[in-house]
Structure formats: structure tokens, C-alpha cells
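Colleague: missing the sequence, but the structure's below:
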């Protein structure tokens, strides 16, 4: 596996663009379009929130034949809690893109992010779709990644090459995160492209499996968005023998590449969580099973007291013990070991006699790795989060203005 | 029912004190003692956290005969994750109090709050127990309430009179909260006294029932403490016919008084949550059942995005819809109504066309009432929380120093 440049447009046959349609201030890009030269095998995974945005309904319907050719995205307005009008607007966006590209509107998927409960300014959106279609380019991935940002401070892109069945397959991806991030079966907008030849069923399975251990293992603030969407387009041009089953060597090779791309994007989301100053990697070792390992890791990653202690570089390991204890996972408190990086803080449930200065130093790095060995089984689970800082409060106390 | 002054010592036959033993700086009180003149019927409810502090083990054991005469409490050190030595120290505290009062140490209960993972300074504790025994006074409830505070900014006390079986029964109580507050079957230290004559089984039942709808419906930061403890002593001196069953008119009258006392104390905890500027009351109406109503209310009350919007007085109702949607409760999003006080923000799942200025005004009050009618059944549930402010981060980024 090799990391390469180019994001979603690293994949041959994929063009993209990001333009300013007037939703964001000051010429910032706010409408993105990703287009495959020909209809591609497509799969998607969406939010589990019962309050579900209009674009999610449209994607679910348009994906019923597992084929898509374009994805249009706008930031600044989530088109959630907008009723019939919002749903009609989301369909209208796919029609406008379909007309502009001269393809069936059912081949167009739509994703949106931003404020909940306001109707879309369709005049600006229509203008944006016109602009973005004209701007499509084989190197446009970066502009598209810029256009889907909300409170993100950096665009988030990845591209890899993997060997699949004798051919070199590329996978490109981009994502946005920042706040309202505790994805459940999906995350707040990620888009992937690949030239792998793969049938729709293994593609959907691979996407779902990769997400379970990447995007679904990221939490910024425990809040699950109404708009979470991950979409993948597979153009099939790479020349590998078609992957038709959800197992076997070729499927595994593709999955490995997809896992890597999704995990790297997921970590970018955690590191750039609203107000974040650090990426926090939480590893629970030797849980009884995957479910309990995830419960324990999530309890630590979601604990405001752990996250504020990390922000303050305070080696307050009692809060880590508290979080594991409240998680519901089974373990003996006096069998627990806790490490900060490779440095042990807790031995058999009690103070390991660590040096505070050394611990503060490790907690001050821009990536903080917390390992908790619960000694209850043999399953390891990793999650990613960020610290809680003053800026999380500042950003969210008055988001809409 | 009548609210009266005096806190826990409003009950005849109860003395209390709070003194400075040197755990907190600058002569602040840090050791409290509550004593009944004679052995009382006693009941307790404790944390569900698997990592459970030493004093909780001691209380559980000493409550096996449902009788107690004294409760000793220290702040600043939680005596959790302290192993055999911590457990021995907790027992030692009950022995020291037993000797000082000349009663069996098994009649003494102990509760602790503060930093996790450090051994108690037993010299200071022993000195404090000596001081606090000498300071016992029939009006000492307020000093005791001061001594159990950690990051609380105000002491929290209540006392009521209720008519039970022809006699006037008093119930007194005190509590502390502030952070690591998401009690599950108990809360971070609350102590109640009463002169009701009541058998141990209905007393335990009444306590458990009252807690379920008061302390267990408060959340500050979703973090469940290792030390949560609620204890009640019933002296039986009021002259009411003994309550021997967990139902009937007298039981209900007592429960009503206890419910009121617990709910008032619980609201004080929410209002004084770490960094809180407002008390937030969340009412979910017409849920399918109690469990789903609580899921929905808790999801709103625990949402960092809702709590920061309240801090910023931003009528961002989309976040309330998001929180109800992620809760797992069943409802139709386009049947939901949301009110701020008596002012409607959301009608049938969409913007009710409210005035932003008026909403900001209502969000700026020191008590914010959010009502969400999910129109899915006929069960109402209320929870209490506070907003998330810069001060929550400041207080917790470096709690230990």
C-alpha cells in the first residue's frame, strides 16, 4: 500500500471542483461536485439519527440501483427539519446537476452540512451548480475538499494505491468533521472514489466494515448529526478482475486500502474537532469482546473530564479509571493498567508511582496516546477523539451568527 | 408540606458539624459529621460505577443491619483506586468516630469526595474527627454542608415538614455536586435525616424511588463518579404510627416529602454544576413510555451542543431536534413541538416562525425551560442540567493543582 497525492481526483476518470456560490462569506468555496466519466458502482452509509436530513432521503432512493455518476455537496445549510420544501429542494439539486452534466438526475447524489432548520437559498445553489460544473477538473479534488468545510480548520484528503488481483487500484477520499461528531454507522460527510472493479454488494459491505472501525470510532462531542453521509463511487477502470464476493484475497486487499483511507480521514476529523488542540488515541486492550472494548474506549473518549484534563495536560488518571468504570464493560478495577504513550501511570488499578513532570510532558504533545489494559479477555479496540478546550465553547455558544 | 430552615439539623435529635482538618487550604471546612442521638433506621443508595471507592464498600457492609447513628464525610480526597490501604483507612475512620462518640464503629457510615488515586492523609483525618466531634451542635447542619463542598460554589441544604399519620414529620437534607455528575441510581453525596418512624424496607424503597426521579435525573457532564452516595437516617421520634409497608397513605405522604427534598437538592446540583451560569430544565412530553422519555430528555440534557447554545443564549433549536433524534426514542420528527418557556420555537418539526430577539431574551434568564412534545404517547419526564461554559473547561483542565 502506498500513500499518494490528489485526494478524490487521484483516481483516473474522476473530476471534481469546489466554488463559491455565496453561502459562505468572503469568496470561500461552498459548493462541491464530484463526477465520474461514466456511471459507477456506488454505495452509501447514512446517519442513524431519527431526525434525518432531506439529502439523506434522496441518496437512499437514488442508490437503490447501486449506480451513481455525480455527488453534489453544499456547506453552510444542512437542509434538515425543512419538511416537504427541503425535500423538493434536495431533489431539485440533483435535477440541476443532471441537466448541467446531461445525465439522469437519478445518477446524482446529494449531501449537505451546516445549520439545521433553514430553507436553502435555491437561487444561490442553482448559480453554484452552474459554476461548479464549469469548473470540473481532473485535479479539482482539493477545491472540492475546501468547499465541504464548515468549522473545519483544514481540508481533509487522502489517496492510496493498493495491489488488487494483479492491478494497481487507487482509492481517493475527502471528509469534513469538526462538530456534532459522534457518528453511528456513518459520519458527517465523507466521499471516496476508486477505480477498482467491484460489484455493488461487496462494495457496500467493504464500506460498512471500514466505517465500523474508522469513522464510527471517532467522537468529538457525542452528538450525532442529522446529515452523516459516506459515499463511494467505484469506476472499475483499474483492470483488476472484478471483485464479486465479500471475501477472498482481492476483497481483503481492497478492504485494507479502504480501511487505511477511512482511518486516516477519521483521525483527521478527530484532530480537527472543534476547538481541538490535540489528537487523542484511546486504545483499550484485552477487553472481553469487541462490544465491551468499544464501550470502554468510547466512555474514555467521550468523557468531558478526561478531555479537559488532556487539554490542561493534567495526568489525572483517576478520570480514566472513572470512565472505564462507568462504561458497563466487565473487568476487575485492581487488574487495570494505564499507559500514556509507553509510560505507565496506573499499575493494577493504582498509582504506578510515575513522575508528574514526565507525564505532563507526554500529555503536552500534539498526539496523546492513552492505553488502558483491562485484562479481561483478548480483544483490542482503538478510538480517536480530541481534547475539550475553551474554543469548543466559543465556537458553539454562538454558531449561527 | 412546608419548607423550613435548618437543613439536616432541622430534624430533632440530629446534631452535626463541619470543621477544617487541613485537607483544604485557608481554613475551609473539609470534614463533616452527622450524628443521631440514638441508633436510627438507615438506608443508602450507591454509585453503579464498577470502579467503586473504598467508603462505598464500608457503607454497604455497615448498612447490612439497616441501622446507623453517624455519618462522617471528608472532601478533597475520594479514597478511590487506593486498594487495601484505602479500604483500611475508610474502616479506620469509622473506628475513630466510634471511639470518639463511644458507639460501635459498625453504626458509623463514611462518604468521601475529591481526587481519585491518592491515599488519605490519616493524621489530618484523625485530627479532623477529633475536632468535628467536639464541634457537634443541634444547629450544625450548615457547617456540615460547607465541609462537603468541592468545586461547588454554594452549600446545598433543604428541610421540609410533612404530615404523616397525624404527626408532623421533618425531613432534612444536604448535598454536593459540581462535576463528575451523571448519577446512576445515586448521586455524588447527599445526606438526609428524618424523625419519621419507618421500618428499614419502606425507607430503602422510598429512598430508591425518590432518587430515581430526582438525583438520577440530573446531569452536569455525563461522568458518573466512583463515590456517589445517598444516605438517610430515620430517628423515629416524630410520633407517627410506624410506616411498615412501601405503600399506603402514610408511606405516600412521607414519599412526597422525600421527593420534594431530593428534587430541590438535585436542582441545586444542576444549577451549581461546574462553570454553570444557568439551570436548564428539560421536559419531554408525550413520550411512548418512561424509558423513552428519559432517553430523549437525557440526550438533550447531555448534548454539549445544546448546552453551549444555552450558554450563548442562541436559540439553535436544530440541536434540540438532533439530540432527540439520536436518543433512540421513537417519534415522528414532523410531529415534534418545542417550547422555550411558554414560547414556541418549533411546530410540527419545523421553524415556528419565532422572533429571535424574544428567544434570546428567554435563553438569557437564569433558569431556562425547554419543553419538547414528541407526540408519541402520554408519558412526561423532566431532567435538570446546566449550560457548558468556559469555566467548565477552566475548572477541569487543571483540577488537581
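Modeller: It's in. On a predicted model such as this, the values are computed, not experimentally measured, just so you know.

Colleague: tell me the contacts of the residue of the stretch 251-400 of chain A found nearest chain B?
Modeller: Nearest residue of the stretch 251-400 of chain A to chain B, counting by CB to the nearest CB: residue A:318, 2.5 Å away. Where C-beta positions appear, they are placed from N, C-alpha and C, glycine not excepted. The contact partners of residue A:318, by CB atoms under 8 Å, 6 or more residues apart in numbering or on different chains, come to B:78, B:80-81, B:115-117, B:226.

Colleague: and if you look at residue A:380?
Modeller: By CB under 8 Å, 6+ apart, the contact set of residue A:380 is A:283-287, A:293.

Colleague: repeat that for residue A:129.
Modeller: Residue A:129 makes contacts with A:21, A:31, A:33, A:72, A:93, A:96-97, A:100, as judged by CB under 8 Å, 6+ apart.

Colleague: wasn't it part of a strand?
Modeller: No. Under DSSP: H, G, I helix; E, B strand; the rest coil, residue A:129 falls outside any strand and is assigned helix.

Colleague: which of the contacts of residue A:318 are close to chain A?
Modeller: B:78, B:80-81, B:115-117, B:226 (CB under 8 Å from any CB of the partner chain).

Colleague: okay, those in TSV with secondary structure next?
Modeller: TSV is the format used below for these (three-state DSSP):
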residue	secondary structure
B:78	coil
B:80	coil
B:81	coil
B:115	strand
B:116	coil
B:117	coil
B:226	coil
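
Colleague: just the buried members of those residues?
Modeller: Among the ones next to chain A among the contacts of residue A:318, those buried by neighbour count (16 or more other CB atoms under 10 Å in any protein chain shown) are B:78, B:80-81, B:115-117, B:226.

Colleague: of those, closest to chain A?
Modeller: residue B:116 (2.5 Å).

Colleague: name the nearest residue to the closest one, sequence neighbours excluded.
Modeller: Distances taken as CB to CB, 6 or more residues apart in numbering or on different chains place residue A:318 nearest to residue B:116, at 2.5 Å, with adjacent residues excluded.

Colleague: can you list the strands that whichever strand or helix holds residue A:344 pairs with?
Modeller: Assessed by DSSP states H and E, residue A:344 sits inside strand A:343-347. Take DSSP bridges as the rule and strand A:343-347 pairs in its sheet with strand A:337-340 (antiparallel), strand A:350-351 (antiparallel).

Colleague: deepest-packed of those, please.
Modeller: By mean neighbour count, with neighbours taken as mean count of other CB atoms under 10 Å in any protein chain shown, strand A:337-340 ranks first of the strands paired with strand A:343-347 at a mean of 21.

Colleague: SS state for residue A:42?
Modeller: strand.

Colleague: residues in contact with the nearest residue to it once chain neighbours are set aside?
Modeller: Distance criterion CB to CB, 6+ apart; nearest residue to residue A:42, sequence neighbours excluded, is residue A:68 at 3.7 Å. Residues near residue A:68 by CB under 8 Å, 6+ apart: A:36, A:39-40, A:42, A:62, A:107-109, A:231, A:233.

Colleague: check what pLDDT residue A:68 gets.
Modeller: Looking at residue A:68, its pLDDT is 93.

Colleague: rewinding a little: check the buried ones among the ones next to chain A among the contacts of residue A:318 and tell me the two furthest apart.
Modeller: Within these, two members stand farthest from each other by CB to CB: B:115 and B:226, at 11.1 Å.

Colleague: who touches both of the two?
Modeller: A:318, B:78.

Colleague: contacts for the strand holding residue A:344?
Modeller: Outside strand A:343-347, the residues touching it (CB under 8 Å, 6+ apart) are A:315, A:317, A:320-321, A:336-339, A:351-354, A:358-359, A:362, B:81, B:117.

Colleague: change it to 6 Å
Modeller: Residues external to strand A:343-347 that are found in contact with it (CB atoms under 6 Å, 6 or more residues apart in numbering or on different chains): A:317, A:337-338, A:352, A:354, A:362.

Colleague: and chain A, what are its domains?
Modeller: A:2-271, A:279-397 (automatic domain parsing).

Colleague: make TSV out of those and add distance to residue B:388.
Modeller: Putting the domains of chain A into TSV (distance: least, CB to CB, whole Å) gives the following:
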stretch	distance to residue B:388
domain A:2-271	10
domain A:279-397	6
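
Colleague: out of the contacts of residue A:380, grab the one that's most surrounded.
Modeller: Among the contacts of residue A:380, the one with the most neighbours (other CB atoms under 10 Å in any protein chain shown) is residue A:284, at 30 neighbours.

Colleague: I figured that one hits residue A:295, correct?
Modeller: No. Assessed by CB atoms under 6 Å, residue A:284 is found out of contact with residue A:295, at 8.8 Å.

Colleague: might you list the low-confidence residue ranges for the stretch 251-400 of chain A?
Modeller: A:398-400 (pLDDT under 70).

Colleague: so which bits of it are right by chain B?
Modeller: A:303-305, A:308, A:311-312, A:314, A:316, A:318, A:321-322, A:325-326, A:333, A:349-351, A:390, A:393, A:396-398, A:400 (CB under 6 Å from any CB of the partner chain).

Colleague: and the residue of the stretch 1-150 of chain A closest to chain B?
Modeller: residue A:116 (2.5 Å).
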